[in-house]
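[1] okay, predicted coordinates and the sequence, questions at the end:
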Amino acid sequence: MPNVLPTHAYETFAIRQPITPDLRPISCKQYGCKGYLEGFSLSLTQLRQEGLEVAARSSGRRYREVQLTPEEIYLVFEPGQQCFAWRSHLPERPAFFFVGLGDYRSFNIKHARQHVSADDWAENMAEDLNKIRTVLERG
């Protein structure tokens with residue numbers, strides 16, 4: 001799409017998140033993992049199908065075996081233990097919301113206004129879009 005107006009005639013709404021190359025999983029306790037807080041259960045049938053029964057039983061986690069029916073057996077793990085998905089528990093990266101003059105050719109967050117919340121940023125964008133819509137409707 002060609003640029004019809006000069007760069008200073010545009011306004012940019014931007015969201016930035018810091019780059020964190022050392023982003024590492026955090027513990028279930030730090031993450032507030034439901035499995036850590038309340039305990040969790042795994043279907044023994046599903047574990048066997050996926051070849052994970054031995055891994056679950058030898059993980060060092062405390063569990064008990066609960067049989068609901070002859071075919072329906074679960075390993076029920078106590079609260080306070082790392083779940084098996086703990087590697088996917090990543091800390092949240094903060095988001096920063098900016099509005100500034102210029103388009104992609106000249107926008108710079110150093111010269112932009114930073115909003116304190118996503119809601120304020122979205123409201124500001126909605127107001128600007130409403131102004132544009134009004135101008136377009138008038139012709």
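    Yes, it's here. As the structure is a computational prediction, the values presented were derived from the model and not from experiment. Numbering: from 1, shown residues only.
[2] list of residues touching the longest helix along the chain?
    In the chain, ranked by residue count with DSSP state H as the criterion, the top helix is helix 118-138. By Cβ atoms under 8 Å, 6 or more residues apart in numbering, the surrounding residues in contact with helix 118-138 are 11, 13, 15, 95, 97-99, 115. Backbone N, C-alpha and C define where each C-beta goes, glycine included.
[3] farthest-apart pair in those, please.
    Maximum pairwise distance in the contacts of helix 118-138, criterion Cβ to Cβ, is 19.2 Å, between E11 and A95.
[4] looking at the two, which is more packed in?
    Each of E11 and A95 has its neighbours counted (other Cβ atoms under 10 Å); E11 has more, 15 against 12.
[5] how close does the more buried one sit to K131?
    E11 is 10 Å from K131, where distance means Cβ to Cβ, to the nearest Å.
[6] now the helices for the chain?
    Listed in chain order (using DSSP H), the helices of the chain are 28-31, 34-38, 44-49, 53-57, 118-138.
[7] for these, which one ends up most surrounded?
    Across the helices of the chain, averaging neighbours per residue (mean count of other Cβ atoms under 10 Å) puts helix 28-31 on top, at a mean of 16.
[8] quick one: contacts for E92?
    Shown here is E92, which makes no contacts under the criterion Cβ under 8 Å, 6+ apart.
[9] can you tell me how far it sits from P18?
    Using Cβ to Cβ, we find E92 at a distance of 11 Å from P18.
[10] any stretches of the protein with poor pLDDT?
    Scanning the chain for pLDDT under 70 picks out 1-2, 21-22.
[11] can I get the CA coordinates of stretch 24-40 in PDB?
    In PDB, the C-alpha atoms belonging to stretch 24-40 read as follows (Å, rounded to 0.1, in the frame of the first residue of the first chain):
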ATOM      1  CA  ARG A  24      13.300 -20.300  31.400                       C
ATOM      2  CA  PRO A  25      10.400 -22.300  32.900                       C
ATOM      3  CA  ILE A  26       9.400 -21.500  36.400                       C
ATOM      4  CA  SER A  27       8.300 -23.900  39.100                       C
ATOM      5  CA  CYS A  28       4.600 -25.000  39.400                       C
ATOM      6  CA  LYS A  29       4.600 -23.200  42.800                       C
ATOM      7  CA  GLN A  30       5.700 -19.900  41.200                       C
ATOM      8  CA  TYR A  31       3.400 -20.300  38.300                       C
ATOM      9  CA  GLY A  32       0.400 -21.000  40.500                       C
ATOM     10  CA  CYS A  33      -0.200 -24.300  38.600                       C
ATOM     11  CA  LYS A  34      -3.600 -25.900  39.400                       C
ATOM     12  CA  GLY A  35      -2.000 -29.400  39.400                       C
ATOM     13  CA  TYR A  36       0.500 -28.200  42.000                       C
ATOM     14  CA  LEU A  37      -2.200 -26.500  44.200                       C
ATOM     15  CA  GLU A  38      -4.900 -29.200  43.900                       C
ATOM     16  CA  GLY A  39      -3.100 -32.300  42.700                       C
ATOM     17  CA  PHE A  40      -3.700 -34.000  39.400                       C
END
